[in-house]
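1. Fold the following and give me the result.
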Amino acid sequence: MATVSQRPDSKLSLEIRTKSVEQTLVPLVTQITTLVNHKEAPRKSERTVRALIRVGQAVNLAVERFVSVGESIADENLEIKHEMCDACREARTAGVNIQRLTDMKTDELGQPKTFTEKTSMIRSARQLLSAITRVLILADKVVVKQLIRAKEKVVTSLNKLERVSSFTEFVKGFSQFGTEMVELAHLTGDRQNDLKSDKCRAQMAAARSVLEKATMMLLTSTKTCLRHPDCEAARRNREGVVQQMHRALDLIHLIVTDVPEINGQLSQSQMNGDSGIGLAQQQTTTRKAMREFDDLVEMTRVTLIDASMQEKLSSALETVIETIQDFTDSAYTPHDHREKILQLCEKARLELDILIRIGASLEGKISSGPNQELETAIIRTCDVSKSLKKQLQDTTMDQASEVFRSNEDQELLTSLQKSGEAGKKEVVDELSVKMEEHSEQLQEVCKLLRHIAATEPLMISSEHVENNLKYLAPQVILAAQSLAANPNSKIAKENLEVFSDAWETQINEQSVLVKDVNEKCSGRMDKNMYMSLPRPGKHGTTLKCPKPVKLDAEEQAKIAKLGLEMKLITSEMDAETEKWEEPDNDIVKRAKNMSSMAFSMYLFTRGEGPLRTTQDLFQQAEYFAEEGNKLFKTVKEFSQMVPCGNHRSELVAYLDKIPTFCQQLHFTIKSPTVGKSATFNKVDSAIQETKNLMNAVSKVVTTCFICSTKYNIDYKASPHLTHKWRAPPQLELRSNGSDTESVKSEGAILKSSSFQRHMANLNAFERF
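-> The predicted structure is shown next:
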């Protein structure tokens, strides 16, 4: 449906902002166009007359049915009843008029009368389209109201969780909060897919991502705060999470209503940003400024260069150079890159001066027009601009490569964990300074990525990741300080682990962003695609297949959380496989294939993707297990090349778990089932076993990469290749039969891989 602006004392906007309204109107527009564009002949044949009469009657009948639905919606929603009834009345009148205008009578001689009322037909068609659009947009207010109501429930529950003072209250409150968050996740996911605007879809994906990640952090930070009420760091840790969730909820409100909440957490300055979350003000990006400059330069072929154009060109170039200061002023930009950027800026000024001088010399001449000299100056200016773009892209990618190559994140997180467990507050404070510096460097990369991003969704993603890094770094530090103040607390330790996991996930998302921005700038957005289902006649079972069934909404809701856990592992797997410089070796190919299959099984838990029935899922799981056995054999060969030591022992230990998980998955698939309940239990078990196998494979691939890098093992790759950082691919761009942005339209909220374990422990709070 369409998003409507709920502004008081204003007329209803007829702007169509969603796909569903647009698609609903297409058939009506087609039929009306047929009527309006008919040939105006002096006389019409009986066949033509009958056709026009049938179309007019069909339009009127369809309008009548449509209006009946609109009136029933009005009866159920009193706040829109008056407007809806007016729109329905107008639509019904227009439908009747169209039928009347197409119902041509015969004259005294029995011949059809000439159709001379085309103007009236056009007027009635416009009236009908306007009225139908109003009905659709008013009906969408009901959808918006439902989403806002779900959001308000989450806000109310979140406010209650802020005020809880005992574990018992928190257990009850968080259970209700989780249910309401799942409902909101489904509604916002549907809305995100329906929005026409790339920017709105990306913003919705950003807000949903914040809520998804913050839910687990809210759980553990609140537990820590309740267990250690006197710990200032724990209290600030929870407050930071709650504040971030409120901002995301306010952004959702803004997207669906186009009006910010009066008492919302989202300030006007934040709403001006691309992502809508976090950054203080909207800034012109370098790529946008350079595009405007290039357009002006190209336009001089037509307009030539008068005084006004000279001012525009100079101003546009100064804007470009001003935005480039984020590159040259960055402390992390290498000196040679900075020098090249400054040289190209000066060269651009010089070429523009030449272009303006040539253009000024042509002004006022009687036969003035573009000549070869002016054309050469335009080409030279555009070439410099192109070189500058390439240099800025190289600078950004080099910064990103450098920060990921250093791999400081794991070392910092491990040190914070150990120092916190040892109660070394001074060491934690020292590591906090390093963590802040590292976070600033990562944020700097995001800022540069936003400047060179070629699409608005990528710009929004860059700002979203930057904001998350800015928010998460202090939260990780506060979690570590809480643990250092209470080194024997299991809850504080668990809390730091959750925030550390969130940081690692964010780093993986940033590496995805780096790869996507680089590929888009280079004109390459190809993604590896894998067969999700086994081919007919292969990998099947010899037993008689059970009747394929589809899960209902309640059953899908039960397995949604488990599916989301599997999606997180899938994301981690892709991040690991794409670190390999030789992506075509057998380990990487099989791991990617398994990741793709696991992702399609995750989509099944949401009722999406290529797997439509339970039988499809079981076939996919069987093929997945077979691929796991093949990966085991491949990695077994690789392990023989690893020197004896701790790394090899660790690899073998992880590897030996794979056959067991594969066998368990096979047993689950082969087990006979009778009845709907048994089938659902089998689905649940199959997804659980798939998740376990995927987790083991992820650890194996990670250990293989460590061994390959440390011992310089070039496994089934060209001799000249060396191991260096590569950004992982974007999971969300896999084809799943739905509109994927964004961002990445993300899954439902509550996807943490340890969520079920935490929920199982909720009733045991009092033991700690």
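2. Only the buried residues of stretch 596-605, if you could.
-> Residues of stretch 596-605 classed as buried by neighbour count (16 or more other CB atoms under 10 Å): 596-605. No exception for glycine: its C-beta is placed from N, CA and C like everyone else's.
3. TSV please, covering these and showing secondary structure.
-> Shown next, in TSV, are the buried residues of stretch 596-605 (DSSP: H, G, I helix; E, B strand; the rest coil):
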residue	secondary structure
596	helix
597	helix
598	helix
599	helix
600	helix
601	helix
602	helix
603	helix
604	helix
605	helix
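4. would TSV of those residues with distance to residue 99 be doable?
-> Output for those, formatted as TSV (distance: CB to CB, whole Å):
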residue	distance to residue 99
596	53
597	55
598	56
599	51
600	49
601	52
602	50
603	46
604	47
605	49
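5. can you list the residues that contact stretch 624-639?
-> 539, 586-587, 590-591, 593-594, 597-598, 601, 648, 651-652, 655, 658-659, 661-662, 665-666, 669, 690, 693, 697, 700, 704, 707, 713, 715 (CB atoms under 8 Å, 6 or more residues apart in numbering).
6. Kindly recompute the last result at 6 Å.
-> When contacts are defined by CB atoms under 6 Å, 6 or more residues apart in numbering, stretch 624-639 is touched by residues 539, 586-587, 590, 593-594, 597, 651-652, 655, 658-659, 662, 665-666, 693, 700, 715.
7. all strands of this structure, in order?
-> Per DSSP state E, the chain carries no strands over any range.
8. Where in it is the helix or strand with the lowest mean pLDDT?
-> In the chain, no helix or strand scores lower on mean pLDDT, DSSP states H and E than helix 755-761, which sits at a mean of 39.
9. re earlier: if any of the contacts of stretch 624-639 are buried, give me the ChimeraX selection for them.
-> Buried residues within the contacts of stretch 624-639, by 16+ other CB under 10 Å, are selected in ChimeraX with:
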select :539,586,587,590,593,594,597,651,655,658,662,665,666,693,700,715
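10. Now intersect the contacts of stretch 624-639 with the helices, please.
-> Counting by DSSP state H, the contacts of stretch 624-639 place 586-587, 590, 593-594, 597, 651-652, 655, 658-659, 662, 665-666, 693, 700 in helices.
11. Closest to residue 166 out of those?
-> residue 693 (40.1 Å; CB to CB).
12. The closest one touches residue 660, doesn't it?
-> No - here residue 693 does not reach residue 660: they are 9.2 Å apart, not a contact under CB atoms under 6 Å.
13. among the ones in helices among the contacts of stretch 624-639, which two are most distant?
-> 597 and 652 (25.1 Å).
14. Any stretches of the stretch 451-600 of the chain with poor pLDDT?
-> In the predicted model, the stretch 451-600 of the chain carries pLDDT under 70 at residues 523-565, 567-568, 571, 575-584.
15. Looking at this structure, which helix is longest?
-> helix 118-163.
16. hmm, back to that, among the buried residues of stretch 596-605, which two are most distant?
-> Maximum distance among these (CB to CB): 15.7 Å, for 596 and 605.
17. and the closest residue in space to residue 52 that isn't next to it in sequence, how many neighbours?
-> Spatial nearest neighbour of residue 52, excluding adjacent residues (CB to CB, 6 or more residues apart in numbering): residue 102 at 4.7 Å. Counted with other CB atoms under 10 Å, the neighbours of residue 102 add up to 23.
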